[in-house]
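Engineer: generate a structure from the sequence data that follows.
(2 chains)
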Amino acid sequence: MMGFLYLRMAMVTALLAVCPLFLSSFYTGLMILMLIFAIFAMSLDILQGFTGLTSLGHAAFWGTSAYIMGILNVKVFKGCYYGADLIAGVLSAAVVASILGLIVLRSREIYFLMILLASSMMLWGIAFKWRSLTGGDDGLPGISRPDLSLIGLDLGRTTHYYYFVLFFFIVSAILMYLVVHSSFGHTLLGIREGETRMRSLGYNVWLQKYIAFIVSAIFAGLAGGLITYYNGFVNPSDLHLVTSAEALIMVILGGAGTLIGPAIGAGIIILIKNIVSGYTEHWMIILGAIYILTVIFAPQGVYHLFEQWLRKEGLVWKRSSP
Amino acid sequence: MAFFITQTINGIVFGVLLFILAAGLTLMLGTMRIVNLAHGSYYLLGGYIGFSIAKETNNFFLACLGGLFAIGILGMGTYKAILSKHFARGVLSQVLITFGMFLIITDLCRWIWGGIPLAIPRPELLQGSISISNIVLPAYRLAVILIGVMITVFLWWFHERTKYGAIVRAGVDDEEMTQSIGINISLVKTLVFSIGALLAGFAGVVGGPYVGLYTGLGMDILLLALVVVIIGGMGSLWGALIGALFIGLLDSFGKSLLPEFSLFTMFAAMVIVLAIKPNGLFGARG
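Structural biologist: Model (predicted):
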């Protein structure tokens, strides 16, 4: 079974690795966005799918990382300083999560959701108003990508940057897979299914959630850093509720609790966004409709629908994910 | 001193607006555990509809009625058609649906009324201002405070002193028990949701002359209303009132004293309240 899984992972990696050979630089760019958002959505799935915490504030980690990185890159290092800006960005996401976690994890369900939402929007408010540091509404332009010419990569080129992102995508996917399949991951599933029971079994539920929260934030921060290198700028929308909600719909549309589902969801949303934006400027109406239709027609996510279909056709014999 | 009084009045006026908005939000939360993220867009759409009516008829009173009923009916329709259905059970489904509605309504507003900030003209009767020594108070703002007091008293009377209010409170405390003594709880929920929506639409028109109308307003005001509900406690009208006045004052002073950190002061206030009372000032459940 595990061998089969590794085989599938290797196949997906190989497929992703050859993609740029057949795609124009425009579509390679689109693939980069898909991979970055896939990391973001998968990181949210650790909370939504595996711990049962519905979050509408995940952009706090993505955006904090993006801003810290951007500020260091543009104002302090005047360059990326061997990727120190990315590392600082990821660390800052972890720090923000460890602070916010203390506040929000005291509450549950609706209260958790509302407090996290409000807190993340406060960060947006700071980024929006603190003009001298963050550039306010205009954001921070001119963020440069790291120089990896030592190993023969020119990250200025889309194809090369694609492989840079693909590397992080594969590493994060494997790490997150290991996290959710570890005994820690199983504890999280236990919390999702019955928090009270886990508590009476002697688990420190709060601590487990707190760790999950920070782990999730680290990967969200990584994704936020990668998008910032790619775009070359940050602006307040990286911290906005719209970004948080986009991550959540990617998770749900793809299929929460599967890791691969959210990655697929990210791909679908990015693709639709790109196609629709070509025809109309009212992308938000379509996105809004996707939110509502997903809840009505595919609340379990397309990955589950796909698996159901496979099982019906007798093409798969056992589910591999929890 | 003049600065202090002016800012206090402004804060109270804004707080009144937030209360009208947050009262609906907190009632929805209390009675049906719905986080209605579309609430900000109800406010916005109500304001825009009021703007169009005011422009056509030159009658502010009609604008208020129009915004109020249009959003009330919209709320009732969306609740009946979508939010009361089985697929909308659970926090996750509700936030996704209501956020979807938020995006659709906000973008429709931008489509119809454009992205340029608008303001509803003040009613003629309230054009002037009252000045006491060197403090100038626009009559309209004082009228808003009066409206706020009236709505507060009405809601208090309805909620605490009438049979229907008792039914709503019973629904908040124990839904199944209320249903089993023969009360049509789904009708109660529909009405509460509609009233909440209606209040949001009304707030949009009332706020139109001094807050103005712009595309991002729906989100700004939703955020503030959420903070009010968090501070006050879910389902508590008193909490919403105190939270709204507090946030209104904080916003007014914060914006003039610490403009770069005005939202941060609110965040700090929220965190302090939550550190002491995790369920908000008057919240019973978490």
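Engineer: which SS class is B:I34?
Structural biologist: Classification of B:I34 using DSSP: H, G, I helix; E, B strand; the rest coil returns coil.
Engineer: next one: phi and psi at it?
Structural biologist: phi -100, psi 120 (degrees, to the nearest 10).
Engineer: what of A:A256?
Structural biologist: phi -70, psi 150.
Engineer: list the contacts for it?
Structural biologist: A:D45, A:Q48, A:G49, A:P262, A:G301 (CB atoms under 8 Å, 6 or more residues apart in numbering or on different chains). Quick note: C-beta positions are derived from backbone N, CA and C, even for glycine.
Engineer: could you measure from it over to A:S55?
Structural biologist: 12 Å (CB to CB, to the nearest Å).
Engineer: list residues touching both of those two?
Structural biologist: What both A:A256 and A:S55 touch, as defined by CB under 8 Å, 6+ apart, is the set A:Q48.
Engineer: follow-up on the earlier one: nearest to A:F128 among the contacts of A:A256?
Structural biologist: Closest to A:F128 out of the contacts of A:A256 is A:Q48 (26.7 Å), distances taken as CB to CB.
Engineer: would you agree that closest one is in contact with A:L248?
Structural biologist: Yes - using CB atoms under 8 Å, A:Q48 and A:L248 qualify as a contacting pair, with a distance of 6.9 Å.
Engineer: out of those two, which sits in the more crowded spot?
Structural biologist: A:L248 (28 against 23; other CB atoms under 10 Å in any protein chain shown).
Engineer: dump the residue contacts of the more buried one.
Structural biologist: A:L44, A:Q48, A:T54, A:S55, A:L56, A:H58, B:V95, B:L96.
Engineer: who wins on neighbours among the residues you listed?
Structural biologist: Top of those by neighbour count (other CB under 10 Å): A:L44, with 31 neighbours.
Engineer: mind checking how far that one is from A:I191?
Structural biologist: From A:L44 to A:I191 the distance is 16 Å (CB to CB).
Engineer: and what of A:G224?
Structural biologist: 26 Å.
Engineer: between those two, which is the more surrounded one?
Structural biologist: A:G224 (36 against 23).
Engineer: wait, that one touches A:I39, no?
Structural biologist: No - the pair A:G224 / A:I39 is not scored as a contact, 9.4 Å apart, by CB under 8 Å.
Engineer: which stretches of the stretch 1-150 of chain B form strands?
Structural biologist: Along the stretch 1-150 of chain B, the stretches classed as strands by DSSP state E, counting those that start in this stretch are B:129-132, B:135-138.
Engineer: quick one: average pLDDT of the last one?
Structural biologist: Put plainly, it is strand B:135-138. Averaged across strand B:135-138, pLDDT comes to 76.
Engineer: so which bits of that strand are buried?
Structural biologist: B:L137, B:P138 (16 or more other CB atoms under 10 Å in any protein chain shown).
Engineer: just list what that strand packs against, helices and strands only.
Structural biologist: Contacts defined by 3 or more CB pairs under 8 Å, 6 or more residues apart in numbering or on different chains; DSSP states H and E place strand B:135-138 against helix B:2-32, strand B:129-132.
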